[in-house]
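>>> I need the structure of the sequence given here:
(chains A and B)
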Number of protein chains: 2
Amino acid sequence: MSGHMSPEEFRRFGRQVVDWIADYYAGIESHPVRSQVRPGQVRAQLPAHPPERGEPFEQVLRDLDAVLMPGVTHWQHPNFFAYFPANATGPAILGDLLSSGLGVQGMVWATSPACTELETVVVDWLAELLGLPEHFRTDAAGGGVIQDSASSAALVAALAALHRASGGRVAREGITRRHTLYVSAHTHSSLERAARMVGVGADNVRVVDVDPATLGMDPAHLAALIAEDLAAGAVPTMVCATVGTTSTTAIDPVRAIGEVCRARGVWLHVDAAYAGVAAVCPELRWINDGVAEFADSYCTNPHKWLLTNFDCSVLWMADRAPMIDALSILPEYLRNPATTSGEVIDYRDWQVPLGRRFRSLKLWSVLRWYGAEGLREHIRGTIGLAQEFASWVRDDPRFELLEPHPFALVCFRPRFPELSTEEADERIFAIMESLNESGELYLTHTKVDGRMLLRVAIGSPQTEQRHVRAAWKRIQEAFTA
Amino acid sequence: MSGHMSPEEFRRFGRQVVDWIADYYAGIESHPVRSQVRPGQVRAQLPAHPPERGEPFEQVLRDLDAVLMPGVTHWQHPNFFAYFPANATGPAILGDLLSSGLGVQGMVWATSPACTELETVVVDWLAELLGLPEHFRTDAAGGGVIQDSASSAALVAALAALHRASGGRVAREGITRRHTLYVSAHTHSSLERAARMVGVGADNVRVVDVDPATLGMDPAHLAALIAEDLAAGAVPTMVCATVGTTSTTAIDPVRAIGEVCRARGVWLHVDAAYAGVAAVCPELRWINDGVAEFADSYCTNPHKWLLTNFDCSVLWMADRAPMIDALSILPEYLRNPATTSGEVIDYRDWQVPLGRRFRSLKLWSVLRWYGAEGLREHIRGTIGLAQEFASWVRDDPRFELLEPHPFALVCFRPRFPELSTEEADERIFAIMESLNESGELYLTHTKVDGRMLLRVAIGSPQTEQRHVRAAWKRIQEAFTA
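Reported below is the predicted structural model:
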C-alpha cells in the first residue's frame, strides 16, 4: 500500500498542484467556457469500482486533465457571464489551503480559539468595510458569522425569527400555529426552501407584489397581506427584503419594508447575497438604506463578487440572542470551562452544522491582500464594464435594455417584432443555448413579466474590457443573423 | 493597490504555503496540542480595523505564525485524543486545493458536469467499499451525496421522513400535526437540533431507553413509545439509530429497531458518522447489520476517520424521491435542458444550501492514493492502538474500563474509592483539565449513568504506538499522583 503521504511527498505533489493551478489560470482562455460533455460522459470514463491498491498521485492529476477537465464549466473564465460570479482568487485559494492544511475543527472556541477569534475579527472588519451598523458588531448585541451560503443564512434567520415570534415555543413544541413569511416573486428560491425546511410550508410564503418599474417589493401590499394574515389568526414571522435580486439585481425598498415590519413586530431579513459587497464603495452605500434602522439579519456573500472562493457567506444579526437560543444545545462531551464561563463565542450555535472549517483564513487573506482599496477597485471595475456593456445594448435598437442596472449584471432582450412573445422566447432560448454550446461565452436567462431576458453578469477577476466587447459582438451577431 | 495575484505570484506564494504545511506536519510535535491562549488573546493582537491598502502575502504568513498559531489547537497532532479525529492527509488537502483552484460551483449538473458525475462515482465507490446495499447506489432508487456534516445529513433525512410521513403535506402546509422523532440518550445532539429546525420541536423528540450493558437503544421500549404516540394521535416520523455513538461508540441494534420501524412505517435514519467508515474492513461489516434491510438513510463521515479533511460527510438514501420532493424548487434562472430532460442529477436538491464546492475531488484523491488496502490499514492500525491502550487500562486496577470498545475510542474512569461520585467527577475533570493545559496531550470526557468517563480517541495518521504509550504513562501519573 501507499501509506500516508510524507511531508516531503506533500511538498513535491503540492508544488505540482500549485503549478497546475497557476497554469490553469494562465491558460484559462483555451477552454470552452461551458463544458461540452453529454450527460454520463465523465462518469463513463471513470472506473466503476474503487482501486484496491493505492495509486501514484500523478495519476490523479493525469485523470483530472484527461477525464474531468472536459466536464468542467469554467466559472473563473473571463467569458463566464452566467448566474452570478463565483470569484476565486490567489489569496483566497491560499487561505483555504491553509485551512485544509491545519485541519482544525472550530465548532466551539475551545477546539481552536484562533478559528473563532479570527472569524470575529474578519466579520467585524467586513461590517466596517460595508458601512453596516455598529450593532451588527460582535462587541454589541449582534455579530457576524461565516455560513456556507445565503440559503443556510436564510434558514438560520428564519429559525431565529420563529424563535422570537413564538417566544421560544417553536424550539420546544415545534410549529403549532400558522406562521407566515413574506417574499416577492423575485426573492431567491432559498427563502421558499427555508420556509419548507423549518416547517412553515410553501403555502404560508406570501408573495408580495412588486412595483413594475423597479421590480422592488411593494410595502403597501406587504402591509395589507400582514394585516390579512393577522386577521386570519396567523403569526406573521419574517419578511425577506432583497438588495440585488438574483433575477435582475432589483432592490427592495428596505426602509419602507422595515417600517411595516417594525409596526407589526415582524423579523426583517435582508438578503444581499450578491450585491451587498458593493457597499465597500461609499458611493454605493445607498443600497443598504434602512438596514441600520430595521434589519434583524443581513447576509452577503464574499464568495460571489468579493474575490473569495466558495463557500463564504456572511450573516449578521442585530441581536444574536434569538438565533443562539434557537440553535443551542450543550451535550456533555462539548462542555468546557471557556464555554461555561460565557466569555467566548461558540459559533456552532450560529449555524446548521456542528463542525466548521477555518473559513475565516481565506477571507482574512483576501481582505489583507487587496485592502479596502483593492476591493473597491474590483467592484468599480466590474460595474464599469457592465455599464459600458449596457450602453452598447442601449444604443442598439435591435435590443431592449432593462433599467436600472446599478451593479454588474445587465439584463436585456433581443427584439423580434415579427414574433409572438412565446415564439420570441423560444428563439432567444435556442440562440442562447447555441452561444453557450459554442464554448465562447456563457450567459443565462431569466423571466420578468412572463418575458425572457438574457443576463450578462460581469465579475470575474479575469474579465477585461476586450472580453466584454467580444461577447457583445458575438451576441449581436447571433441574435441578428 | 496590489491588484489581482498573477499566476506567477500564485506559483511563488503557493509554494510558500505548501512548504509551510509540509514544515507544519514535519514539526507538529513541537506545538502544545491544545492551544494555551486565554479568551480574547488572539483577537487582541489583530488590528481592530481592516487594512486600507493591500499587504504583501508574506505578512499573512508572518501573522499566521506569530498571532494565530498560538491560538490553534492541533487536531492533526499525534497526541490529539479528544472528541473524534478529524483526519487531514496530503491527498485530501491537495484534492481540496484543486477544488478551491478550479472554483466551480456544482449546484446543478449543468453548472459543471464533472463536479456532479465525479461525486456520483465516489459515493458509489464508497458504498461498495463499505459493503452498503446495492439500492444505496445511484443507478438504483437511492444514491449518495456529500454533505458538510452529519448534522446537515440528519436534517435532510428528517425532511425526507416528514415528507414521506405527511404525503408531501409538510412541504406545502408546514407542520400541522404532532410529529415525533425517536433517539436514545446517547444519540448525537444534532438529532434534537434537527427536530427543532424542522419545526417538530424538542418536546417531540422521544428518548428511548438503552440496554445498560451495551448502551444500545432498547427496541421494545421504542415500540412501546411509538404505540403510545400513535394512540395519542401523533405521527411517529423518524427513528435515529446510531452505529458508534459520540459518547462511547455504542451501537444501537439496527436490525431490531428496523423491524419496529418497518411495522409502523417509520423512517429509519442510521447515524454512523464516526464508525461507519470502519466497514471498509470486512471483519467489521457486522456493525451495519440490518442497514441493508431496514435503513431509509445512512450517514458516515470520511472527514472523521477516513483520512479526508473536513468537510466531507456522505449521506445515502434507500429511495431518493422523498428527499428530492421535499427539497426541490426550480426557479427560472436555473432551468436548463439537462435538468429538464431528467437525465442528470442536480445535487442542490439533496442538501440544505444551493451552492456546492467540488468536494468529491478530495474524497477521490484519498480513495485513489490509499486504495481499499490503505484505508483498511489505517482503520485496523488505529483500532489496534486503541485495543492496546484498552488492555493497559484493563490491567491497571486503579482504573475501570468501559466495555465494549470495538473501534478506536477507549472510555475509562480512574477509581477514587475514597470519594463520592460527585467528588470523583470533579477530581477527574480537574486533572483532565490540567493534563490538557500541559499541552502534552488532549483528551475529553463524557458522562454515562451520571458518572464521568475519560475518552481517548485514537485516529490521527500521525499517531504511533510511542505516542499512545506516552499518553498512557502521563495519564497514569496524573491520576495516581
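>>> neighbours around whichever residue of the stretch 51-200 of chain A sits closest to chain B, how many?
For the stretch 51-200 of chain A, the residue closest to chain B is A:G199, as judged by C-beta to the nearest C-beta, at 2.0 Å. For every residue, glycine as well, the C-beta is placed using N, CA and C. By the measure other C-beta atoms under 10 Å in any protein chain shown, the count of residues near A:G199 is 28.
>>> Can you give me the distance of it to B:V170?
7 Å (C-beta to C-beta, to the nearest Å).
>>> Could you do A:I329 as well?
23 Å.
>>> same deal with A:T242?
Counting by C-beta to C-beta - A:T242 and B:V170 are separated by 26 Å.
>>> tell me the mean pLDDT over stretch A:106-116?
The pLDDT scores in stretch A:106-116 average 96.
>>> Just checking it against chain B, any contact.
Yes: using C-beta under 8 Å from any C-beta of the partner chain, we find that stretch A:106-116 touches chain B at A:109-115.
>>> so which pair among the residues you listed is furthest apart in space?
The distance between the two most remote of these (C-beta to C-beta) is 11.7 Å, for A:A110 and A:A114.
>>> more neighbours, the two?
Shown here are A:A110 and A:A114; by other C-beta under 10 Å, A:A114 has more neighbours (28 against 24).
>>> And that one, which helix or strand is it part of?
Element membership of A:A114 [criterion: DSSP states H and E] is helix A:113-129.
>>> With A:A256 instead?
helix A:254-264.
>>> And the strands in the stretch 151-300 of chain A?
A:179-184, A:205-208, A:235-242, A:267-271, A:297-300 (DSSP state E, counting those that start in this stretch).
>>> of all these, which lies closest to chain B?
Short answer: strand A:179-184, nearest of the strands of the stretch 151-300 of chain A by C-beta to the nearest C-beta, at 7.2 Å.
>>> pLDDT weak spots in chain A?
A:1-2 (pLDDT under 70).
>>> go again using 90 as the cut-off
By pLDDT under 90, the weakly predicted segments of chain A are A:1-2, A:329-343, A:480-481.
>>> Report the buried residues of the longest helix that it contains.
Counting by DSSP state H, the longest helix found in chain A is helix A:360-395. Using 16 or more other C-beta atoms under 10 Å in any protein chain shown as the test for burial, helix A:360-395 gives A:360-372, A:374-383, A:385-386, A:389-390, A:392-393.
>>> Ok, stretch A:325-345 next?
Those would be A:326-327, A:329, A:331, A:333-336, A:338-339, A:344-345, for stretch A:325-345 by 16+ other C-beta under 10 Å.
>>> from the buried residues of helix A:360-395, which are also near chain B?
A:364-365, A:367-372, A:374, A:377.
>>> Looking at those residues, spot the one nearest B:F399.
A:W364 (43.9 Å).
>>> which ones are touching the closest one?
A:95, A:118, A:121-122, B:60 (C-beta atoms under 8 Å, 6 or more residues apart in numbering or on different chains).
>>> Compute the distance between the spatially closest residue to A:H188 that is not a sequence neighbour and A:R451, please.
Leaving aside its sequence neighbours, A:H188 sits nearest to A:T246 (C-beta to C-beta, 6 or more residues apart in numbering or on different chains; 5.3 Å). Distance, A:T246 to A:R451, using C-beta to C-beta: 17 Å.
>>> out of these two, which sits in the busier spot?
A count of neighbours by other C-beta under 10 Å puts A:T246 above the other of A:T246 and A:R451, at 27 against 14.
>>> so that one touches B:L334, yeah?
No: using C-beta atoms under 8 Å, A:T246 makes no contact with B:L334, being 9.4 Å away.
>>> Would you mind listing the residues touching both of A:G199 and B:V170?
B:L162.
>>> Format the strands of the stretch 151-300 of chain A as TSV; extra columns: mean neighbour count and distance to A:V260.
Formatted as TSV, the strands of the stretch 151-300 of chain A follow (neighbours: other C-beta atoms under 10 Å in any protein chain shown; distance: least, C-beta to C-beta, whole Å):
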stretch	mean neighbour count	distance to A:V260
strand A:179-184	27	9
strand A:205-208	20	10
strand A:235-242	29	7
strand A:267-271	27	9
strand A:297-300	29	16
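>>> Save those as TSV, and put in distance to chain B too.
Converted to TSV, the strands of the stretch 151-300 of chain A look like this (distance: least, C-beta to the nearest C-beta, whole Å):
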stretch	distance to chain B
strand A:179-184	7
strand A:205-208	10
strand A:235-242	11
strand A:267-271	12
strand A:297-300	12
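>>> Break chain A into its domains for me.
Following automatic domain parsing, one gets these domains for chain A: A:104-356, A:367-480.
>>> Single out the most deeply packed of the ones you listed.
domain A:104-356 (a mean of 23; mean count of other C-beta atoms under 10 Å in any protein chain shown).
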